[in-house]
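> need the 3D shape of this:
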Amino acid sequence: MSIQTPSRYGKKLTDARKRFDSQRLHGPIEAIELVRSLAPASFDETVELAVSLGIDPRKADQVVRGTVALPRGTGRTVRVAVFATGPRADDARAAGADVVGADDLVERVNGGFLDFDVAIATPDLMGQVGRLGRVLGPRKLMPNPKTGTVTMDVAKAVTDFKGGLVEYRGDAKSHGVVHVPIGKVSFPTRHLVENFRAVIEELMRVKPASAKGRYLRGVTLSSTMGPGIKVDPARARLTDEEVADADA
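Here you go, the predicted structure:
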């Protein structure tokens, strides 16, 4: 059996892991600075926040799901598909939707078209869109009122999602872990800190009353190809002063 030579990326990741204590719990700002400095890829990696919540997502009263507006945006182009007809379809196009349709769009998606990141639908078309559950569901693209993607105000929804609104969900498959992108490695530390804070505060806001014990059980930050940096859950909620002191 031949021994394969480690890839250049593999060497960079190995080197990155040697440059920090993987078991240490860092403060959020320090963790963000580490993520930026340790990102091994040559492209502008996405910074992702993973939060392990003390919930049982199998119970209806402990489902944590919604959207949060990142004050500094995501740093990426969000492709939006809208299922609408008539004036609502016109509104969606005017707001910058990438693809708009009704029966025709349902057929395209059913045939394999998935060149979009967010799907929005007016309530009257959900009967047709619902039939795409086996296509959209596994990719977490199914429109849902809880995330603001089933709405008559499609123009606002398109504008919001293109402007930095992101979905979050702690589902059963991930045992209550919420994954949210908070920007790009190229973002200034301050911008990533502001987005981090927005997500943490939103998760605290929607804490289920029935959730018992510690709610923020684990917090990790990483770049697309970089190592995970552990954040101290007890220090995850940043003050105004801490955000203001973050390096720009």
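> tell me how far the nearest residue to K207 once chain neighbours are set aside lies from E241.
By the measure of CB to CB, 6 or more residues apart in numbering, the closest residue to K207 outside its immediate chain neighbours is Y215, 5.5 Å from it. From N, CA and C alone the C-beta is placed, and that goes for glycine too. Spatial separation of Y215 from E241 under the definition CB to CB, to the nearest Å is 24 Å.
> which of those two has more neighbours?
Using other CB atoms under 10 Å as the criterion, Y215 and E241 rank with Y215 on top: 17 against 7.
> okay, now V199: neighbour count?
Applying the criterion other CB under 10 Å, we find 20 residues in the vicinity of V199.
> tell me which element the residue most central in space within the chain falls in.
Within the chain, the residue whose C-alpha comes closest to the C-alpha centroid is V180; the distance, by CA atoms, centre = their mean, is 2.9 Å. When elements are defined using DSSP states H and E, V180 is found to belong to strand 177-184.
> what packs against that strand?
Packed against strand 177-184, as judged by 3 or more CB pairs under 8 Å, 6 or more residues apart in numbering; DSSP states H and E, are the following elements: strand 46-53, strand 165-170, helix 189-205.
> state the distance from the nearest residue to R217 once chain neighbours are set aside to L34.
Distances taken as CB to CB, 6+ apart place S52 nearest to R217, at 4.4 Å, with adjacent residues excluded. Taking CB to CB as the criterion, S52 is separated from L34 by 19 Å.
> re the thing from before, quick check: the residue nearest to the centre of the chain touching T46?
No - in this structure, V180 is not within contact of T46 by CB atoms under 8 Å, at 10.5 Å.
> can you give me the distance of E201 to L238?
In terms of CB to CB, E201 sits 9 Å off from L238.
> show me which of these two is the more surrounded one.
Remark: of E201 and L238, L238 carries more neighbours, 20 against 13, as counted by other CB under 10 Å.
> what's near enough to touch the closest residue to N144 other than its chain neighbours?
Setting aside the residues directly before and after it, N144 is nearest to V150 in space (CB to CB, 6+ apart), at 6.1 Å. V150 is in contact with 120-123, 126, 143-144, counting by CB atoms under 8 Å, 6 or more residues apart in numbering.
> just those residues: which are in helices?
Where the contacts of V150 overlap with helices, as defined by DSSP state H, the overlap consists of M126.
> looking at the contacts of V150, spot the one nearest A60.
In terms of CB to CB, no member of those lies closer to A60 than N144, at 14.6 Å.
> can you get me a residue count around the closest one?
Residues near N144, counting by other CB under 10 Å, number 18.
> any idea how far G96 lies from E241?
Applying CB to CB, the value for G96 to E241 is 37 Å.
> got it, and D124?
If you go by CB to CB, the gap between D124 and E241 works out to 49 Å.
> how about the nearest residue to T189, chain neighbours excluded?
Leaving out its chain neighbours, T189 is closest to D247 (CB to CB, 6+ apart), at 4.7 Å.
> angle of the strand holding V180 against strand 46-53?
For strand 177-184 and strand 46-53, the angle between their directions (axes from the mean of the first three to the mean of the last three CA atoms, to 10 degrees) works out to 150 degrees.
> which parts of strand 177-184 are buried?
177-178, 180-184 (16 or more other CB atoms under 10 Å).
> for this protein, give me the ranges with low pLDDT.
In the prediction, the chain carries residues with pLDDT under 70 at positions 1-18, 248.
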